[in-house]
Structures are given as C-alpha cells and as structure tokens.
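Novice: Below: sequence and its predicted model.
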Amino acid sequence: MAKQLPKRDLENVGLGVTGACVALVTLVVAALIFMVAQKGLSAFLKDGVSVVEFFTGTKWDLANTAENGLPYTGALPLIVTSFAVMALSTLIALPIAIGSAIFAVEIQPKFGSKVFQPLIELLTGIPSVVFGLIGFHVVVGLMKSVFHASTGLGILPGAIVLAVMILPTMTTLSVDGLRAVPSSYRQGSLALGYTRWQTIWHVYLSPPCRRS
C-alpha cells in the first residue's frame, strides 16, 4: 500500500503545480503579445509606413500605391468605426442587461437563480464566430431589406450583433453586482415607506450622492 504524503507536502505539490501552470500561461500570453507587436511594428520600422498617416489617413487600400510607392494605410475610418460600434452596442445592451438583472434579483428571484441565470451563463459559452455568422446572414440581410441598402453592412448591424454577443456577459455581471448590494439598503428603503419600484430605483439606479 502506497504511503500517503503529509498534508503540508501535498499543499506544496499543489502550489508547485499551480505556479507552473500560471507561469506557463503567462509565458504563452507574453509570447503572443511579442509576436503580434513584432508583426505590427515591422510595418512602421521595416516597410516605412508613416505613423501619422496610419492614424490620420482616411483611405485604406493595400492593392494600390500612393505617390510615395507605399499602399494606402489610413486606418482612421477603421478606428472610428470600431469605437462607434463599441459605443452603440453598449448603449443597446446596457439597459437590457440592467433590466434583466433587476428582474432576476428583485422581481422573480427564485426563477432568476434557478432558471434565468443558468441560461444566461450558458449563452456566454457560445463562440463569437457563431454570433458573427448569424449576424452576417440574418441581421445584414434584414438591414438590406429594411433600408434598401446595397450591402447592408455598416455600424448599425455591427452594433446589433456585438450587443447580442456581449449581452449575456453584461447580464451575468449585473446580476452578481445587484446581489452583492447589502439587503439593509432595501430594508431601509421599505421601512421609510417607499414602494417596491421606488426601492429598486433608489437602491440600484439612483446616483450615489442622492442615495446617501
């Protein structure tokens, strides 16, 4: 019969294995960052792309060359579009996420903890490529038919797809955040004579200065 290691030795073995795993993950992430940075900086250091032209230029066309013999690498429209899609998707998803979290925590807490939150957490595991594929075939096609556009591509369909993609994560974080609010706030609001909806507003949605 094999001799069992003492508890302290087992803890040391577990710490060693955990530390090795953390070190390996850190090394992999550092290697990925180095590879991406090397490929990205080579365009400026070796290929001669101007940093100012990259961030301020408005034309991106790698198939044709400009007067200096280099392709058009103005990334300003791409950068602005990315930030616009991010901001618009946040504006779409945030109210839905907060409303869903309030429903799961305050309106139907049993249904929220047993059914709603597990389903939402299950949606967070869907790969982003699935959302992109559905968005390209469904949302873009809908945009083409509604707005009679030639391609249907743009900021709005991208923001809708991104909002659907980030909604499960935002809802899960909102539910965890609302459940972390001390129950004394809710009880104090009800004790002061506020209604249920007034309590939800003052506890969760009102600014901190007014809440105090």
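Specialist: Yep, that arrived.
Novice: Can you list the helices and strands that the helix or strand harbouring residue 42 packs against?
Specialist: With elements delineated by DSSP states H and E, residue 42 resides in helix 7-45, which encompasses its position. Helix 7-45 is packed against no helix or strand, with contacts defined by 3 or more Cβ pairs under 8 Å, 6 or more residues apart in numbering; DSSP states H and E. Yep, even glycine has a C-beta here, placed from its N, CA and C like the rest.
Novice: Moving C-terminal from that helix, which element do we reach first?
Specialist: Where DSSP H and E defines the elements, the next helix or strand beyond helix 7-45 is helix 51-56.
Novice: Output that following helix as CSV - backbone C-alpha positions only.
Specialist: Included here for helix 51-56 are C-alpha records, laid out as CSV according to Å, rounded to 0.1, in the frame of the first residue of the first chain:
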residue,chain,number,x,y,z
VAL,A,51,2.6,56.5,-38.1
VAL,A,52,0.9,59.9,-38.7
GLU,A,53,-0.6,58.7,-42.0
PHE,A,54,-1.7,55.4,-40.3
PHE,A,55,-3.7,57.2,-37.6
THR,A,56,-4.9,60.2,-39.6
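Novice: Adjacent strands (with direction) for the next helix or strand after it?
Specialist: Along the chain past helix 51-56, the next helix or strand (assigned with DSSP H and E) turns out to be strand 60-65. With DSSP bridges as the test, strand 60-65 is paired with strand 71-73 (antiparallel).
Novice: pLDDT averaged over the helix holding residue 42, what's the number?
Specialist: Averaged over helix 7-45, pLDDT sits at 90.
Novice: Pull out the buried residues from that helix.
Specialist: Burial within helix 7-45, assessed by neighbour count using 16 or more other Cβ atoms under 10 Å, is assigned to no residue.
Novice: How about stretch 171-191?
Specialist: Within stretch 171-191, the residues scored as buried using 16+ other Cβ under 10 Å are 171, 172, 174, 175, 178, 186, 189.
Novice: ok, now which ones touch the second one?
Specialist: Counting by Cβ atoms under 8 Å, 6 or more residues apart in numbering, residue 172 makes contact with 117, 120, 121, 124.
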